[in-house]
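Trainee: A structural model of the following input is requested.
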Amino acid sequence: MSIPTEPIGSIPRSPELLQAIQAHGAGRLPAAVLEAAYDDAVRDTLRRFAETGSPVITDGEQRKSSFATYPLEGSTNLAPDGVVIPFKDGHTRQLPRLTRGPFRYGKYAGEYLQKAKPHTTRPLKQAVISASALSLLYPPNGIAGYSREEFVEDLIRESVADILSAFTAGAQTVQIDFTEGRLSLKLDPSGALLRSFVELNNRVLGSFSDAERARIGVHVCPGGDHDSTHSADVAYAGLLPELFAMQAGRFYLQLSSEPDRRRVLGLIAGLLGKERKVFVGVIDPISARVDSPEEVCHRVLEAAGLLPLSQLGTTDDCGFSPFADDTSTARDVAFAKIRARVEGTALAASRLGIR
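Mentor: Numbering: from 1, shown residues only. Model prediction:
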């Protein structure tokens, strides 16, 4: 038995790719040239991921507009004035607003995996956005002729199809990004919004077998964008009981940047159960400093003292630059941090006598 380690997903885009995206958006670059730039970026990302020694890799979400908005690409029933998400440093992100039904994905995550597979022989992981995040597209005042109930049914069907597309394309694991989980407690401290999010995601997860759910994970963090967060000030204690009510087989949890890791690990130990795996964050992506393998090893050993080894894995707290316009972290720094996670996890396994 070894200690598994997996990335969250996104990797900073190269300056060349960002320039190509901007030029195409301005009408100065043909679509075929942009596609070639995406291919180059994915190929380079997969190569560099493999060089870190990571046993599971991703395409770095190089082709996604963002981890949250890829299903909306090509949609014509959206307005730009949706829910606003404020970050601690003062900047915001704004979701679009659905203007009419029916709700359909413009793109499924499996398409990204299909384009990545020819460039690597390593196992691939695919991240998908949660149904609960996309539920925020529906306006509070409703849509004439398209009820919220109809929207939710369409949303669940599309979310299931998104996960299936990733498995069909050959994903070893699928990760549901649930960054709005912690944020929901800031928007609604009563927890009612969080509970509704969990219920919605469980309706999606209920469409899969036990064996499939063992390969489906849920990722939570306080957001990570331009070196800032949207909900790090929200206590983990309010999130975790509801989070572990989700019917997933894996949980990827931000922990490296948490001020009181031991307390959170103790809470996790009491909620995890006997069958599921928890991948604890041992790298802080929004810190510019590259962690040493020894530091990572210390964090793994800390977690191993409180969680069953057979259910323990490691990950990064969050993705690196999950929005395409976030250039706050360099690619070299991201890969150096990933290498430290891989090497530090292996070092901890060795000290624990795991082969």
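Trainee: poorly predicted segments of this protein, please.
Mentor: Low-confidence segments of the chain (pLDDT under 70): 1, 224, 226-228.
Trainee: could you pull out the helices for it?
Mentor: All helices of the chain, identified by DSSP state H, fall at 15-25, 31-51, 110-116, 131-135, 148-168, 180-187, 192-205, 210-213, 236-243, 261-271, 293-304, 331-351.
Trainee: mind putting these into CSV with mean neighbour count and distance to N141?
Mentor: The way it works is simple: take the backbone N, C-alpha and C, and place the C-beta from them, glycine included. Output for the helices of the chain, formatted as CSV (neighbours: other C-beta atoms under 10 Å; distance: least, C-beta to C-beta, whole Å):
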stretch, mean neighbour count, distance to N141
helix 15-25, 15, 31
helix 31-51, 17, 37
helix 110-116, 20, 33
helix 131-135, 23, 15
helix 148-168, 18, 11
helix 180-187, 22, 17
helix 192-205, 19, 17
helix 210-213, 13, 36
helix 236-243, 18, 27
helix 261-271, 16, 37
helix 293-304, 19, 45
helix 331-351, 20, 41
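Trainee: so which of those gets nearest F67?
Mentor: Closest to F67 of these, according to C-beta to C-beta: helix 131-135, at 9.3 Å.
Trainee: could you list every helix and strand that the closest one packs against?
Mentor: helix 148-168, helix 180-187, helix 192-205 (3 or more C-beta pairs under 8 Å, 6 or more residues apart in numbering; DSSP states H and E).
Trainee: and if we set it to 10 Å?
Mentor: Judged by 3 or more C-beta pairs under 10 Å, 6 or more residues apart in numbering; DSSP states H and E, the packing partners of helix 131-135 are helix 148-168, strand 173-177, helix 180-187, helix 192-205.
Trainee: quick check: angle from the last one to helix 236-243?
Mentor: Meaning helix 192-205. Orientation check (axes from the mean of the first three to the mean of the last three C-alpha atoms, to 10 degrees): helix 192-205 against helix 236-243 gives 30 degrees.
Trainee: show me what helix 192-205 is packed against.
Mentor: helix 131-135, helix 148-168, strand 173-177, helix 180-187, strand 216-220, helix 236-243.
Trainee: quick one, which of these is nearest to D325?
Mentor: Among these, strand 173-177 sits nearest to D325 (C-beta to C-beta), with 17.9 Å.
Trainee: ok, that closest one: who's next to it in the sheet?
Mentor: The strands beside strand 173-177 in its sheet (DSSP bridges) come out as strand 125-129 (parallel), strand 216-220 (parallel).
Trainee: can you dump the C-alpha coordinates of the last one into PDB?
Mentor: Extracted in PDB, the C-alpha atoms of strand 216-220 (Å, rounded to 0.1, in the frame of the first residue of the first chain):
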ATOM      1  CA  ILE A 216     -16.000  10.100  -7.900                       C
ATOM      2  CA  GLY A 217     -14.600  12.700  -5.500                       C
ATOM      3  CA  VAL A 218     -15.700  16.100  -4.200                       C
ATOM      4  CA  HIS A 219     -13.300  19.000  -3.900                       C
ATOM      5  CA  VAL A 220     -13.800  21.900  -1.400                       C
END
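Trainee: between it and helix 148-168, how big is the angle?
Mentor: Using the same axes, to 10 degrees: strand 216-220 against helix 148-168 is 120 degrees.
Trainee: re earlier: of the helices of the chain, which is nearest H91?
Mentor: Here helix 180-187 is closest among the helices of the chain (C-beta to C-beta), at 14.8 Å.
Trainee: got the angle for that closest one vs helix 236-243?
Mentor: Using the same axes, to 10 degrees: helix 180-187 against helix 236-243 is 120 degrees.
Trainee: how about the contacts made by Q114?
Mentor: Y108, S165, A166, T168, A169, G170 (C-beta atoms under 10 Å, 6 or more residues apart in numbering).
Trainee: do L134 as well
Mentor: With C-beta under 10 Å, 6+ apart, L134 has these contacts: 68-69, 71-72, 95, 98, 103, 105, 151, 155, 158-159, 162, 180, 200.
Trainee: same thing but 8 Å
Mentor: P71, L155, S159 (C-beta atoms under 8 Å, 6 or more residues apart in numbering).
Trainee: just A330 next, same as before
Mentor: Taking C-beta under 8 Å, 6+ apart, one finds P12 in contact with A330.
Trainee: for it, grab phi and psi.
Mentor: For A330, the backbone dihedrals (degrees, to the nearest 10) come out as phi -80, psi 150.
Trainee: how near is it to P322?
Mentor: Going from A330 to P322 by C-beta to C-beta, to the nearest Å gives 15 Å.
Trainee: just the C-alphas of stretch 21-38, formatted as PDB.
Mentor: The C-alpha trace of stretch 21-38 is given here as PDB (Å, rounded to 0.1, in the frame of the first residue of the first chain):
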ATOM      1  CA  ILE A  21      -6.700  33.300 -26.700                       C
ATOM      2  CA  GLN A  22      -6.700  37.100 -26.500                       C
ATOM      3  CA  ALA A  23      -5.800  37.500 -30.200                       C
ATOM      4  CA  HIS A  24      -8.600  35.000 -31.200                       C
ATOM      5  CA  GLY A  25     -11.100  36.900 -29.100                       C
ATOM      6  CA  ALA A  26     -10.100  40.200 -30.800                       C
ATOM      7  CA  GLY A  27     -10.500  38.500 -34.300                       C
ATOM      8  CA  ARG A  28      -6.800  38.600 -35.100                       C
ATOM      9  CA  LEU A  29      -6.200  34.800 -34.900                       C
ATOM     10  CA  PRO A  30      -7.900  32.100 -36.900                       C
ATOM     11  CA  ALA A  31      -9.600  29.300 -34.900                       C
ATOM     12  CA  ALA A  32      -7.300  26.700 -36.400                       C
ATOM     13  CA  VAL A  33      -4.200  28.500 -35.000                       C
ATOM     14  CA  LEU A  34      -5.900  28.800 -31.600                       C
ATOM     15  CA  GLU A  35      -6.600  25.100 -31.600                       C
ATOM     16  CA  ALA A  36      -2.900  24.400 -32.400                       C
ATOM     17  CA  ALA A  37      -2.000  26.700 -29.400                       C
ATOM     18  CA  TYR A  38      -4.300  24.600 -27.100                       C
END
